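Engineer: Need a 3D model of the sequence below.
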Amino acid sequence: QVQLVESGGGLVQAGDSLRVSCAASGLTFSRYAMGWFRQAPGKEREFVAVISTSGATTYYADSVKDRFAISRDNAKNTVYLQMNSLKPEDTAVYYCAAKRVGISYIPNHYDYWGQGTQVTVSS
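Structural biologist: Down below sits the predicted model:
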């Protein structure tokens with residue numbers, strides 16, 4: 001069965017950096033676009049970043065553009081989210097998701113989801 005397992009979350013201070021990872025299994029990873037989403041308490045899940053199957057195309061939410069970077073290693077079936085200059089408003093559970101055809105910033109378009117990893121940024 002398909003599994004997406006996030007790791008690397010934690011508690012950091014404002015201005016710090018953190019990299020979260022998502023290891024995929026049970027699917028042909030190189031055929032899936034991969035996205036990162038986040039959900040803060042009391043808020044809806046929101047798009048953060050997406051990367052195409054080859055890694056050649058990426059898109060970011062305006063709130064994280066120029067601070068976050070998404071990348072993937074198809075040989076390791078892993079997608080990464082490098083987060084720099086973290087702010088308290090980045091505090092959320094971060095989820096990775098896989099989408100079979102095309103890329104999207106809409107959560108309902110994704111086929112598989114991980115369980116999430118908590119990122120907390122203190123001020």
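
Engineer: measure residue 18 to residue 81 for me?
Structural biologist: According to C-beta to C-beta, to the nearest Å, residue 18 stands 9 Å off from residue 81. For the C-beta atoms, the positions are set from N, CA and C on the backbone; glycine is no exception.

Engineer: again but with residue 69, I slipped
Structural biologist: Distance, residue 69 to residue 81, using C-beta to C-beta: 7 Å.

Engineer: what does residue 39 give?
Structural biologist: Residue 39 is 14 Å from residue 81, by C-beta to C-beta.

Engineer: More neighbours: which of these two?
Structural biologist: Using other C-beta atoms under 10 Å, the more surrounded residue of residue 39 and residue 81 is residue 81, with 27 against 15.

Engineer: contacting residues around the more buried one?
Structural biologist: Counting by C-beta atoms under 8 Å, 6 or more residues apart in numbering, residue 81 touches 19-22, 36, 48-49, 68-70, 94, 96.

Engineer: Most neighbours of all the residues you listed, which one?
Structural biologist: Busiest of the contacts of residue 81 [other C-beta under 10 Å] is residue 96, holding 30 neighbours.

Engineer: mind checking the SS state of that one?
Structural biologist: At residue 96 the chain is in strand, as set by DSSP: H, G, I helix; E, B strand; the rest coil.

Engineer: Just confirm it contacts residue 114, I think it does.
Structural biologist: Yes. Between residue 96 and residue 114 there is a contact under C-beta atoms under 8 Å: 4.8 Å.

Engineer: which residues do these two both contact?
Structural biologist: Counting by C-beta under 8 Å, 6+ apart, the residues touching both residue 96 and residue 114 are 4, 6, 22.

Engineer: who does the strand or helix carrying the first one pair up with?
Structural biologist: Under the criterion of DSSP states H and E, residue 4 resides in strand 3-7. Neighbouring strands of strand 3-7 in its sheet, by DSSP bridges, are strand 18-25 (antiparallel).

Engineer: Quick one: name whatever helix or strand follows the partner strand.
Structural biologist: strand 33-39.

Engineer: ok, residues contacting that next one?
Structural biologist: Contacts with strand 33-39, where a contact means C-beta under 8 Å, 6+ apart, come from 20, 22, 24, 45-53, 70, 72, 79, 81, 90, 92-100, 102-105, 107, 110, 116, 119.
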